[in-house]
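Asks: Take this sequence and fold it.
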Amino acid sequence: MVPVRIASLAVDPRSSQPVILLKPLDEAPGEGMLLPIWIGQPEATSILLALEGAELPRPLTHDLMKNLLDTLDAHVDRIEITHVDEGTFFAEITLSAPARTIQVDARPSDSIALAIRVGAPIFVAESVMREAAVPDESAAIPTDEEAELEAFRTFLDSVDPEDFQG
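Replies: Got it, this is the predicted structure:
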């Protein structure tokens, strides 16, 4: 397993869909690889709010998950993105409770949103990195992280609540 960090959360200009970029912890920006995972708008919003440390009057779904775990005296040991199948990524959340340790199947976006809230490490299977990661060429492209965040906020402002219906 490769320990990773969130390198960026942005909007794919071609599809207008949010994408999270994961980067191995031991690689500097502009070198090595990035793992892009396209995610849904609600999860992107939840991840962005957690990254910004936003305080909300009512808990979002991932805040509720954290609150439930706290209430049950359980904690998240780690998040693992375990495999990719035809472009769909799969993840597991490893939980420790007083009586046992369990793994729970989850989407990577939900897992990452929870990991940010509880400070859990995120790992990616080496096979996933080999199959789906792309070269990190960000050093060749001047970026402004604040401009990216502002573009994402603008995108979120334009989202219609009906976009979140299943």
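
Asks: which residues of the chain score low on pLDDT?
Replies: Along the chain, segments meeting pLDDT under 70 span 139-166.

Asks: tell me the SS of the residue sitting furthest away from the middle of it?
Replies: Relative to the centre of the chain, the most outlying C-alpha is that of residue 99, 28.4 Å out, by C-alpha atoms, centre = their mean. Recorded secondary structure, residue 99: coil (DSSP: H, G, I helix; E, B strand; the rest coil).

Asks: Please report how far residue 99 lies from residue 72.
Replies: 10 Å (C-beta to C-beta, to the nearest Å). Using the backbone N, CA and C atoms, a C-beta is placed for each residue, glycine as well.

Asks: With residue 16 instead?
Replies: For residue 16 relative to residue 72 (C-beta to C-beta), the value is 38 Å.

Asks: Where do the helices of the protein begin and end?
Replies: 41-52, 61-71, 108-118, 126-132, 145-157 (DSSP state H).

Asks: So which residue is smack in the middle of the protein?
Replies: The chain has residue 112 as the residue nearest its centroid, 3.6 Å off, counting by C-alpha atoms, centre = their mean.

Asks: who touches that one in this structure?
Replies: By C-beta atoms under 8 Å, 6 or more residues apart in numbering, the contact list for residue 112 reads 6, 20, 43, 47, 79, 122.

Asks: hmm, try it at 10 Å
Replies: Going by C-beta atoms under 10 Å, 6 or more residues apart in numbering, residue 112 touches 4, 6, 9, 20, 22, 37, 39, 43, 46-47, 50, 62, 79, 81, 91, 106, 120, 122.

Asks: Next: residue 91.
Replies: For residue 91, counting by C-beta under 10 Å, 6+ apart, the contacting residues are 37, 79-83, 103-112, 115, 122-125, 128.

Asks: Show me the contact partners of stretch 52-69.
Replies: Against stretch 52-69 from outside (C-beta under 10 Å, 6+ apart): 42-43, 45-50, 74-76, 93, 95-97, 106, 109-118, 149, 153.
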